[in-house]
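> Sequence and computational prediction follow.
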Amino acid sequence: MRQIVLDTETTGLEPSEGHKIIEIGCVELVDRKLTGNHYHQYLKPNREIDEGAIEVHGITNEFLADKPLFEDVADDFLAFVDGAELVIHNAPFDIGFLDHELSLLEARKGSMSDYCTVLDTLTLARQMHPGQRNSLDALCNRYDIRNDHRELHGALLDSEILADVYLRMTGGQTNLTLGNQASASAGQAGEIKVRKISSERKPLRIIKANEEELEAHQKKLDSLTEAIWE
């Protein structure tokens, strides 16, 4: 099973108001393990970025001045995600922007549903934790995932964090290292440790009941039997 954990950063909140994607970050999971393959691209939006958005992700118009347009990378991006299940936190936001970008292309590319299926981890989190905060930061705290290196939002960093959150939420592989390293079970609250018994440990003393204690025990059993059948 191939999954792509995806996040975007944008110039604002509404594509209907002309806002654009300025960063796409994706990491690949195959059979619930990170493969090391990723897609990361900054994009020039050809419009000003809202000040509120800059406060969230820290990306400026000056930084994006020499970056490609979405139309320049659309084929590479679609080739990377084609046939996968996208794992996105608050998927309607990112899919809405991606579909909007595709609709602006001169060459018709369709919509994201033509290439991928989508799993929304925000919807999943609300089902698992009703009435609680289910932002990415809140889920990191709930599942004990470190994100103190995340001073600002970034699409690639957030997709890496979301991959860890998703795997823990759904009870599978949680180790973000690659290869065949052992992974912990994400569905457990803590690690189960097995204490090894030393071969030098003295055997336990066995204390047997004496005749008086055995007789008292039998009388107790007889009285209980009589009470049950009376």
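Yep, it's here.
> three-state assignment of V27?
strand (DSSP: H, G, I helix; E, B strand; the rest coil).
> List the beta-bridge partners for it.
Beta bridges link V27 to V5, H38, judged by DSSP bridges.
> That one contacts H38, doesn't it?
Yes. Using CB atoms under 8 Å, V27 is in contact with H38, at 4.8 Å. C-beta coordinates here come from the backbone N, C-alpha and C atoms, glycine included.
> who touches both of those two?
L156, S159 (CB atoms under 8 Å, 6 or more residues apart in numbering).
> The two - which one has more neighbours?
Taking other CB atoms under 10 Å, V27 and H38 do not tie; V27 has more neighbours (25 against 16).
> Who are the contact partners of that one?
Counted by CB under 8 Å, 6+ apart, V27 has contacts I4, V5, L34, N37, H38, L156, S159, E160, A163.
> again with E106
Contacts of E106 (CB under 8 Å, 6+ apart): E71.
> Relative to V81, how far out is it?
Note on E106: its distance to V81, by CB to CB, to the nearest Å, is 21 Å.
> same deal with I49?
25 Å.
> next one: I22
Taking CB to CB, one finds I22 at 18 Å from V81.
> Those two: which is more packed in?
I22 (26 against 20).
> still on that earlier bit, now a PyMOL select for only the buried ones of the contacts of V27.
The buried residues among the contacts of V27 can be selected in PyMOL (16 or more other CB atoms under 10 Å) with this line:
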select buried, resi 4+5+34+38+156+159+160+163
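> From the contacts of V27, pick the one nearest D120.
V5 (12.1 Å; CB to CB).
> from memory that closest one sits against V165, does it?
No. V5 lies out of contact with V165 (CB under 8 Å); the separation is 9.3 Å.
> just the strands in this protein please.
2-10, 21-30, 33-42, 85-88, 117-120 (DSSP state E).
> Would you mind putting those into TSV with distance to E62 and mean pLDDT alongside?
Converted to TSV, the strands of the chain look like this (distance: least, CB to CB, whole Å; pLDDT from 0 to 100):
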stretch	distance to E62	mean pLDDT
strand 2-10	16	97
strand 21-30	12	98
strand 33-42	12	97
strand 85-88	29	98
strand 117-120	33	98
